[in-house]
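J.: Sequence and computational prediction follow.
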Amino acid sequence: MQVGGAEVAAPVSRAALEDRLRGIQSITDTAMSRLDDRELLAELLERTRAVLQADTAAVLLLDFTSGHLVATAAAGLEDEVRQGVRIPVGRGFAGRIAAEHRPVILDRVDHSTVLNPILLAKGIRALMGVPLVSGGKVIGVLHVGSLTQRQFTTEELELLQLAGDRAASALGSLMANEDRIAAAGLQRSLLPSALPATAAAEMAVRYVPGNGKVGGDWYDVFTLPSGQLGVVIGDVVGSGLAAAVIMGRMRSALRAYALETAEPEQVLSRLDRKMQHFEPGAMATVLYAVFDAGLEHVSICSAGHYPPVVASPERSAELAEIPPGMLIGAIGSARRRTVTIDVTPGTLFCFYTDGLIERRGELIDDGLSRLCAVVTAEPPETGCAAVMGAMVGSEVASDDIALLMVRRRPAGPQR
Amino acid sequence: MTAGHDQLRWEGQRAVFAMPPEVDITNADQIRQGLRAAAGLGAPVLIIDMSATNFCDSSGVQAIVDAYNQVHARNQGAATRTALRLVATTVRRILTLVGVDQLMPVYSTLEAALADPAGPFGENTASEDRPAE
C-alpha cells in the first residue's frame, strides 16, 4: 500500500491528461449548479469513472452525528448504496482517507486494507480515493476502483482530487443550504403557532432567525391541566440543523416533565438528567416559569439563562432577581433553585435570548441596561414592537432573537 | 494541536492557559482541544486566563465546562489533583450567569489567581476573590 509515489511511468501523454482534465471540468461548471445532490453525484461519478477509465466510482458522505461515512452514490458499485454501507471514520480504506485528510492509493485490496466486504466481493484489485473537503472540513470521500490489477499514478490521483474538490464545493454549499432549510423548517414547526388564550394573561412574541445560520433558540408557552401557565425560553449551544434537532428534543422533554411536576427546578433537573444521558455533549440555557392561573405569582428557575426584565405600572423595569443556575448538560448534578415572585395587575415579564442584548465590543451589562430602559408595562404587542425597534432597529441580527412578553391584565375596565 | 502549546505557559507549578480576545463558534473547537490537553497534564493548578477576553459566547462556555469535566474525571482517584481557576473581567458576568463560578473560583486578576496557594492535594483554598455562595 502506498500513497502517491507510484514508480510506474504515466501511461498517458500530457495532451491526453489535459483532455481528461477538460472532461472533469465539464462535470461541474454548467451542469452542477442546476442539479440536486443526487443527480450531481451520479453525474460526477459517471464522468469520473469515464475520465479515469475506472470500473467503479463511489461517494461516501460523512454523517456528522454518527461519525460514519455513508455510501451515498456509486457507479459500478451500486450495492454499496443499496445495502447502506457505513464505514467508521479512521477504519478501512475510506475511513482512513477521511480521518487522515489525505488521498490513499491501494494496489492490494484485501481484508487488511479494506473494511467493506462489497469491495472484496466485487473483485476490486486497486483503489484510489481522495477526501472531499468543504470549508476546511472533510465532508466525505470519493474513490474509484479497478477490477484488474492496476497501478494508479500520481497524475490520476491529481485528477481525482480535482474532481473531488469541485464536487466538494458544490456539495458543501448544497448540503449547507439543505441544512439551513431543514433547520429553519424544523425551528418553525417547533415554535408555537399561536399563544394560548388565557383570561388573566396578555402575550406577544417576536422571533427572528439569525442571519445565515439558524441557531437553537426557542420559546414555548402552554397551559397546564391545573390552569397554570408554563413559559419556556431557551438557547441551545451551537447552530444549524444539529442545534435545531436538540432544541426539538428539549422542547418535547420539557413539556413532558411540566406535566409531571409543577416545580420549575424539578422540571429543569429532570431535563438536565435526560439530556446528559441521551444527548451527551449538548448544552443549553433554559428558563422555565410557571404562572398561576390568575397570574398572581410566578415561579421561575433558570439554567444559565438571562433573567427576565420585569416592569409594573408602579415600578420601572429591572432584571428579576433570580439565582443563576448551571446550564443544562454541563455537570452531573447541578443544584437548582426556584424563586417565586408576586405579580401585581399590569406587571409585565419580558423573556428573551442573548441575540437581543449581546453585541461585540459591548459589556453585557450595557446591553441589559439598554433593554431595561426600553421595557415598560405597556400592552405586550406594543412592548415587543418598542423593544425590537430600540434593540435591533434596522440591524441584521447575526444570532437568533427570541422575545416573549407576558403581562398580567391590568385591573379595572381598561383592556 | 499547536493551539495548546501557544496558549499554555507555566508559572512555577501552575499552568496558565491564555484565552484569546474573542471566544466564539469559530475558535471554540480549537480552544476546547487546547484546554483538554492542558487539563490532561496533571498540573496542581490550571488557570484559565480570560483577562484579555472581551467576548465569549456559549460555545466558549461549553469549552470551559468541558475542561472542568476533564479535570473532574482525571482527579477521581488521582494522588494529586488539579485545581481549576478562572480569571475573567469583561466576560465575568456571562460566566456567572451560566454557573461557571460554581465549578471553579473566579478571580479578577491573574496575580490573584497565582497568589492563592493550592492545598496539599491540589484543591483550591478559600479566596476572598471568590464570590460568596
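T.: Everything's here; your move.
J.: Sketch out the helices for chain B, chain order is fine.
T.: B:2-7, B:28-39, B:58-75, B:92-97, B:110-115 (DSSP state H).
J.: Same question for the stretch 1-150 of chain A.
T.: Counting by DSSP state H, counting those that start in this stretch, the stretch 1-150 of chain A has helices at residues A:14-28, A:37-51, A:78-82, A:92-100, A:117-122.
J.: Relative to B:Ala28, which of those is closest?
T.: Nearest to B:Ala28 among these is helix A:92-100 (21.7 Å), distances taken as CB to CB. All C-beta spots, glycine's among them, are computed from the backbone N, C-alpha and C.
J.: which parts of the closest one are buried?
T.: A:92-99 (16 or more other CB atoms under 10 Å in any protein chain shown).
J.: Next, give me the two most distant ones among these.
T.: Of all pairs drawn from the buried residues of helix A:92-100, the greatest distance, 11.2 Å, lies between A:Phe93 and A:Ala99 (CB to CB).
J.: partners of the residue positioned nearest the centre of chain B in the sheet?
T.: Residue closest to the mean C-alpha point of chain B, counted by CA atoms, centre = their mean, is B:Ile48 at 2.9 Å. With DSSP bridges as the criterion, B:Ile48 is bridged to B:Phe17, B:Leu86.
J.: Now do the same for it: its pLDDT.
T.: B:Ile48 carries a pLDDT value of 96.
J.: who touches it in this structure?
T.: B:17, B:19, B:35, B:64, B:67, B:84-87, B:104 (CB atoms under 8 Å, 6 or more residues apart in numbering or on different chains).
J.: So for residue 1, what's the pLDDT?
T.: Using chain A here. 45.
J.: that's the wrong chain, I wanted chain B
T.: Listed pLDDT for B:Met1 reads 40.
J.: With A:Ile331 instead?
T.: 87.
J.: and which of the buried residues of helix A:92-100 is nearest to chain B?
T.: Distances from chain B to these, taken as CB to the nearest CB, are shortest for A:Ala99 (15.4 Å).
J.: give me every residue that touches the closest one.
T.: Applying CB under 8 Å, 6+ apart, we find A:Ala99 in contact with A:89-90.
J.: Please report how far it lies from A:Val138.
T.: Applying CB to CB, to the nearest Å, the value for A:Ala99 to A:Val138 is 8 Å.
J.: what's across from B:Val23 in the sheet?
T.: Applying DSSP bridges, one finds that B:Val23 bridges with B:Cys56.
J.: just A:Phe291 next, same as before
T.: With DSSP bridges as the rule, A:Phe291 is bridged to A:Leu229, A:Val298.
J.: how close does it get to chain B?
T.: Distance of A:Phe291 to chain B, computed by CB to the nearest CB, to the nearest Å: 23 Å.
J.: That residue contacts A:Val231, doesn't it?
T.: Yes: applying CB atoms under 8 Å, one finds A:Phe291 in contact with A:Val231, separated by 7.0 Å.
J.: shared neighbours of those two, which are they?
T.: Taking CB under 8 Å, 6+ apart as the criterion, A:Phe291 and A:Val231 both touch A:Val406.
J.: Could you list the residues in contact with stretch A:196-204?
T.: For stretch A:196-204, contacts defined as CB under 8 Å, 6+ apart pick out A:195, A:221-223, A:229, A:291, A:293-295, A:379-381, A:383-384, A:404-409.
J.: Give me the subset of these lying in strands.
T.: A:221-223, A:229, A:291, A:404-408 (DSSP state E).
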